[in-house]
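Asker: When you get a sec, could you give me coordinates for this:
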Amino acid sequence: MPVEDDAIGFVRDHRWLSAKAQTRQLREAGCSKVFDLDAQDRADMEKIAGRRVVRLVYAFLLANPDRTRGMLADLMGVLERIKVRGGTVVDLDSRLDSETNPAAFKAVVADQVRRHNQGETSNARKGKPGRKKRVFSPGQYKLAYEIWKDVKNYPNDDAVTDGLKKIKASDGVGFSYTRAFRKWKGRTKYRKD
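Answerer: Got it, this is the predicted structure:
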């Protein structure tokens, strides 16, 4: 594709696509210059974007990455300031631009922000779904085992459950009857001989 003099590209390193790969795609899309958003001042980038076509692989990368909660509002503000200066933003992923169909463009960008924020949460949790694992110390396991096997002082399931609940994990939740059963299987019945 021939290089357009007024088309520039912006990149920001992201877990979806590295800055280097974004730069390659933007060069192939005809960008004369490619700027790294992390290395430049945001206000300067908005001025450069005026009266030009600005291409990004993912348009949401224009938003301030430090503002996870207000990222969409920040992005909409940036898009408005670029529009006032006569610029147009093109999202290469969807092939939409901010001038031709603004409603569809904003919907795509909002979805990108949602997916980015959703991924940030799971990325912070190291991608592990579900609740956090309950942690009990070896001493707590020993005490739970003693309660589980003591059929004289804990003759029925209710007594065992009450005894186990007093052993608290790091998150404050007590040792459960189910956990004990899975770990040590069934209990011996108490006999009054």
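
Asker: Just want to check the distance between N101 and V89.
Answerer: Remark: distance between N101 and V89 (Cβ to Cβ, to the nearest Å) = 12 Å. Placement of C-beta: from N, CA and C, glycine included.

Asker: ok, these two, which is more surrounded?
Answerer: V89 (24 against 12; other Cβ atoms under 10 Å).

Asker: hang on, the more buried one in a helix?
Answerer: No. If the criterion is DSSP: H, G, I helix; E, B strand; the rest coil, then V89 is strand and not within a helix.

Asker: quick one: pLDDT of it?
Answerer: With respect to pLDDT, V89 has a value of 91.

Asker: pretty sure it is in contact with R81, am I right?
Answerer: No. If you go by Cβ atoms under 8 Å, V89 and R81 don't touch, sitting 10.8 Å apart.

Asker: helices or strands up against the strand ranked longest in the chain?
Answerer: When the chain is parsed with DSSP state E, its longest strand is strand 4-11. When contacts are defined as 3 or more Cβ pairs under 8 Å, 6 or more residues apart in numbering; DSSP states H and E, strand 4-11 packs onto helix 19-28, strand 31-36, helix 42-49, strand 53-56.

Asker: Quick check: which of those has the most neighbours on average?
Answerer: strand 53-56 (a mean of 23; mean count of other Cβ atoms under 10 Å).

Asker: Partner strands of that strand and their direction?
Answerer: Here strand 53-56 has these sheet partners by DSSP bridges: strand 4-11 (parallel), strand 88-91 (parallel).

Asker: Only alpha carbons, please: show the first one as PDB.
Answerer: Output for strand 4-11, consisting of C-alpha atoms alone and laid out as PDB, is shown next (Å, rounded to 0.1, in the frame of the first residue of the first chain):
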ATOM      1  CA  GLU A   4       0.000   8.600   2.700                       C
ATOM      2  CA  ASP A   5       1.600  11.800   3.800                       C
ATOM      3  CA  ASP A   6      -1.200  12.800   6.200                       C
ATOM      4  CA  ALA A   7      -1.700   9.300   7.700                       C
ATOM      5  CA  ILE A   8       0.200   8.700  10.900                       C
ATOM      6  CA  GLY A   9       0.200   5.800  13.300                       C
ATOM      7  CA  PHE A  10       0.200   5.500  17.100                       C
ATOM      8  CA  VAL A  11       1.300   2.400  19.000                       C
END
